[in-house]
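*Asks:* one predicted model, sequence on top.
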Amino acid sequence: MYHKRIKKFPDNFLFGAGTSSFQVEGGIKEGGRGTAVHDLKKPKKGITDFSVASDHYHRFEEDIDLMKELGLDSYRFSISWTRILPDGKNINEEGVEFYNRLIQKLTDSGIKPIVTIYHFEYPKALVDNYKGWLSRESIDDYVNFAGILFENYGDRVKHWLTINEQDHLLKIPERIGFPEEMTGLEYERNAQIANYNMCVAGARVTKLCHEMIPDAKIAPVVNPMPAIPASNLPADLIASMEFNELATYYILDLNCRGEYSPVYRKYLEDRDIFPQINDEDMKLMRDNPPDFIAVNYYMNQTAADSDKEEINLRGREVFVSEEEGIYKIVKNEHIPQTDWGWNICPEGLKIAVMDIYNRYQLPMLITENGLGAYDRLEDGKIHDDYRIDYISRHLSQIKDCIGMGYPVFGYSAWSFIDLVSGREGMDKRYGFVYVNRDNNDLKDMSRIKKDSYYWYKKTIAERGENL
């Protein structure tokens, strides 16, 4: 559709960038921090762990000065559950004070903090005590954790995110504390129990946020990969629609409407993995919808009809390539890919924004979007034109969405600074700021501004007029 483009992003649009605590902070044995479940997972050979990461724990003041120079309106980050509650129960005042200083530095610098309460960092002690999210007790502990954050930081933090990518979290066993030997039907059934408990916990925390910080806004974080049909065959269109239901909308239906969609309920019932639910929980979800929806977008998918007639239980696949009898993911020759095989489709972000708003009628904040790449330091500089191209084309799609009337109120690029990728360590870099280390050598950990840093600074200053 042709439409008249807006010249600039609105003055109140939040240009930002983000990180997560376990990928950027380091200092895992400092400041009273406890053990998180992901600390126990040994990385692949040649890949670093998270023990030092980008050393943000010791260098956050320097990093925030770089954010201020960049001109960020906002900074999206997460608070380590195990730094606040090392055993999941008892407060560590040193951890509370660390984030108090970090948040104060942000607000003093004119940068709005956007805080993720739970971003893949779960206390091992809670898994040891009662199997973590498989127990109803996990709901109370999550609410307790959130309440501590609201009490200590709610005077300065007005945008909160409940659970980051709950849909993906359930498919990565080391991030949820499931034992390695749990597979097949047992894994799938337990994943749905954990998913249900997280949804109840999210609704309770949303309610608590509105009670404790009436002027704050709170939202879940989803990672849509909107599928388009592989052909003009109606069967492929239906396959793409069903993929979107099973990959994204099921979680938003629970978060925003307090209901299981017909397609997702049927999917779970056919596999005998539908969890035990109760009316009180579902009413809690319905009565406490989020204020907006946070969207992490990296790629889209292309789906074709699956003509197989069987049911498989996979368990641990983050990206399911085929659901027999429903859909299969296929390569699209019109869409290029990153070095890691992720589709580069800026239009997919527009599709996600349009579809999510049309379905839920809630404002949106883009909380992650960026390009992982093998950045090279040459003569003290990093020429990352590929990242500039990627982000500029995605921002252009958001600008179009706003021009059409869709309420997107901010963008947090992933990531502000190089951090440890969940699976590729320091090889896969996302930041505007280069960290001088690699997987095997910490070097001097110095911060070096990439070409994309200067481009994003200009883009923010011009409010996107150049897009």
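*Replies:* Yep, it's here. Here the structure is a predicted model, which is why all the values come from computation and not from measurement.
*Asks:* going forward, measure contacts and count neighbours with C-alpha atoms only.
*Replies:* Will do.
*Asks:* ok, which stretches of the stretch 151-300 of the chain are helices?
*Replies:* For the stretch 151-300 of the chain, the helices defined by DSSP state H, counting those that start in this stretch occupy 166-169, 184-212, 234-244, 250-252, 262-270, 279-287.
*Asks:* looking at the ones you listed, which is nearest to residue 128?
*Replies:* Smallest distance to residue 128 across the helices of the stretch 151-300 of the chain (CA to CA): 15.5 Å, for helix 184-212.
*Asks:* next, the angle from that closest one to helix 262-270.
*Replies:* Relative orientation of helix 184-212 versus helix 262-270 (axes from the mean of the first three to the mean of the last three CA atoms, to 10 degrees): 140 degrees.
*Asks:* okay, now residue 251: neighbour count?
*Replies:* 26 (other CA atoms under 10 Å).
*Asks:* err, residue 62, not the other one
*Replies:* Other residues lying near residue 62 total 11 when counted by other CA under 10 Å.
*Asks:* that one belongs to a helix?
*Replies:* Yes. According to DSSP: H, G, I helix; E, B strand; the rest coil, residue 62 belongs to a helix.
*Asks:* measure it to residue 143 for me?
*Replies:* Going from residue 62 to residue 143 by CA to CA, to the nearest Å gives 32 Å.
*Asks:* with residue 198 instead?
*Replies:* For residue 198, the distance to residue 143 equals 11 Å [CA to CA].
*Asks:* check residue 165 too.
*Replies:* With CA to CA as the criterion, residue 165 and residue 143 are 18 Å apart.
*Asks:* can you pull out the low-pLDDT segments for the stretch 1-150 of the chain?
*Replies:* 1-3 (pLDDT under 70).
*Asks:* all strands for it, in order.
*Replies:* All strands of the stretch 1-150 of the chain, identified by DSSP state E, counting those that start in this stretch, fall at 14-18, 74-78, 112-118.
*Asks:* nearest to residue 446 among the ones you listed would be which one?
*Replies:* For residue 446, the closest of the strands of the stretch 1-150 of the chain is strand 14-18, at 19.0 Å, according to CA to CA.
*Asks:* what strands line up against the closest one, and which way round?
*Replies:* strand 74-78 (parallel), strand 408-414 (parallel) (DSSP bridges).
*Asks:* what's next to that strand, contact-wise?
*Replies:* By CA atoms under 8 Å, 6 or more residues apart in numbering, the list of residues contacting strand 14-18 from outside reads 72-77, 367-368, 409-416, 460.
*Asks:* now do that strand against strand 112-118, angle only.
*Replies:* Using the same axes, to 10 degrees: strand 14-18 against strand 112-118 is 40 degrees.
*Asks:* with mean pLDDT added, can I get the helices of the stretch 151-300 of the chain in JSON lines?
*Replies:* Below are the helices of the stretch 151-300 of the chain laid out as JSON lines (pLDDT from 0 to 100):
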{"stretch": "helix 166-169", "mean pLDDT": "88"}
{"stretch": "helix 184-212", "mean pLDDT": "95"}
{"stretch": "helix 234-244", "mean pLDDT": "96"}
{"stretch": "helix 250-252", "mean pLDDT": "96"}
{"stretch": "helix 262-270", "mean pLDDT": "94"}
{"stretch": "helix 279-287", "mean pLDDT": "98"}
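*Asks:* which of these is buried the deepest?
*Replies:* The highest mean neighbour count among those, using mean count of other CA atoms under 10 Å, belongs to helix 250-252: a mean of 23.
*Asks:* how far does it sit from its chain's centre?
*Replies:* Mean-position distance between helix 250-252 and its chain equals 15 Å (CA atoms, centre = their mean, to the nearest Å).
*Asks:* all further residue positions should be reported with the first residue as 35.
*Replies:* Right, with 35 as the first residue, what we last looked at is helix 284-286.
*Asks:* re the thing from before, a markdown table for the strands paired with strand 48-52, including mean neighbour count?
*Replies:* A markdown table is the format used below for these (neighbours: other CA atoms under 10 Å):
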| stretch | mean neighbour count |
| --- | --- |
| strand 108-112 | 25 |
| strand 442-448 | 25 |
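*Asks:* would you turn the ones you listed into JSON lines with distance to residue 39?
*Replies:* Shown next, in JSON lines, are the strands paired with strand 48-52 (distance: least, CA to CA, whole Å):
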{"stretch": "strand 108-112", "distance to residue 39": "25"}
{"stretch": "strand 442-448", "distance to residue 39": "15"}
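*Asks:* wait, which of those strands is closest to residue 58?
*Replies:* strand 108-112 (9.6 Å).
*Asks:* list the contacts of the closest one.
*Replies:* Residues external to strand 108-112 that are found in contact with it (CA under 8 Å, 6+ apart): 48-55, 145-153, 401, 446.
*Asks:* phi first, then psi, for residue 84.
*Replies:* According to degrees, to the nearest 10, the main-chain angles of residue 84 amount to phi -100, psi 10.
*Asks:* tell me the contacts of it?
*Replies:* Counting by CA under 8 Å, 6+ apart, residue 84 makes contact with 56, 57, 58, 60, 62, 73, 454.
*Asks:* what's the spacing between the fifth one and residue 90?
*Replies:* Counting by CA to CA, the gap from residue 62 to residue 90 is 11 Å.
*Asks:* do the same with the first one
*Replies:* Distance from residue 56 to residue 90, counting by CA to CA: 10 Å.
*Asks:* centre of the chain to stretch 239-253, how far?
*Replies:* Relative to the chain's own centre, stretch 239-253 is displaced by 20 Å; criterion: CA atoms, centre = their mean.
*Asks:* can I get the CA coordinates of it in PDB?
*Replies:* Output of stretch 239-253 as PDB, limited to C-alpha atoms (Å, rounded to 0.1, in the frame of the first residue of the first chain):
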ATOM      1  CA  VAL A 239       3.300  -9.400  38.600                       C
ATOM      2  CA  THR A 240       1.300  -7.200  36.200                       C
ATOM      3  CA  LYS A 241      -1.300  -6.800  38.800                       C
ATOM      4  CA  LEU A 242       1.300  -6.000  41.500                       C
ATOM      5  CA  CYS A 243       3.100  -3.500  39.300                       C
ATOM      6  CA  HIS A 244      -0.200  -1.600  38.700                       C
ATOM      7  CA  GLU A 245      -0.800  -1.600  42.500                       C
ATOM      8  CA  MET A 246       2.700  -0.600  43.600                       C
ATOM      9  CA  ILE A 247       3.600   1.800  40.700                       C
ATOM     10  CA  PRO A 248       0.400   3.200  39.300                       C
ATOM     11  CA  ASP A 249       2.200   5.300  36.700                       C
ATOM     12  CA  ALA A 250       4.200   2.400  35.300                       C
ATOM     13  CA  LYS A 251       3.600   0.300  32.200                       C
ATOM     14  CA  ILE A 252       4.400  -3.500  32.000                       C
ATOM     15  CA  ALA A 253       4.500  -6.000  29.200                       C
END
